[in-house]
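Asker: Model the following, please.
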Amino acid sequence: MIGLVTTDQVPSAEFVEAFQQAFRTSGSSVEVELVGALDGLSMDEIDSLAARPSPYPIQTILADGTTRDIDRSSLAPLLDKRSREMVERGASVIAICCAGDFPEISCGVPVLFLGRLLSGIAGAVAATRRIGVVSPIASQME
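Answerer: Below you'll find the predicted structure:
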């Protein structure tokens, strides 16, 4: 099983389907499970995280479709906890589904940071052509 961990709350089924479709296209049959770093937190707890000063904000999506900007340092321990939970449920690899850069997670299986992969891919593409970068919040532009 591949464990996908997002910075969001109650992530959407479409996200899982996109990964499952990619594996079906490659001829593989892989179980994919998805959890959000904010799963199980109350709105008061989430709002408290969002109220903290943030030198590195990450925009998160909540179950009701609204967003909160939460500092990377507040999300990192939640991502770590959810990753460990996914390993306990049988994940043999974890993918952190966020373009932000987070500290390493040591949970007994390989952890892929999709933001780091994205940087490498963008750098390879940009070597030969012009690319655009989209950021959900202005404070992430730097």
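Asker: Distance check, Ile131 against Ala99.
Answerer: Between Ile131 and Ala99 the computed distance is 14 Å (CB to CB, to the nearest Å). For every residue, glycine as well, the C-beta is placed using N, CA and C.
Asker: So if I had to pick from those two, which one is more boxed in?
Answerer: Ala99 (20 against 10; other CB atoms under 10 Å).
Asker: Report the contact partners of Val32.
Answerer: The neighbourhood of Val32, defined by CB atoms under 8 Å, 6 or more residues apart in numbering, consists of 1-2, 4, 16, 19-20, 23.
Asker: Flag the least confident of those residues.
Answerer: Model confidence across the contacts of Val32 bottoms out at Phe23, which has 74.
Asker: Apart from its chain neighbours, what residue comes closest to that residue?
Answerer: Nearest residue to Phe23, sequence neighbours excluded (CB to CB, 6 or more residues apart in numbering): Val30, at 4.5 Å.
Asker: Against Gly40, how distant is that neighbour?
Answerer: 26 Å.
Asker: What of Leu62?
Answerer: Leu62 is 13 Å from Gly40, where distance means CB to CB.
Asker: Give me the more crowded residue out of those two.
Answerer: Leu62 (17 against 13).
Asker: Spit out the contact partners of the closest residue to that one other than its chain neighbours.
Answerer: Nearest residue to Leu62 in three dimensions, chain neighbours excluded: Gln9, at 4.7 Å (CB to CB, 6+ apart). Taking CB under 8 Å, 6+ apart, we find Gln9 in contact with 36-39, 41, 46, 60-63.
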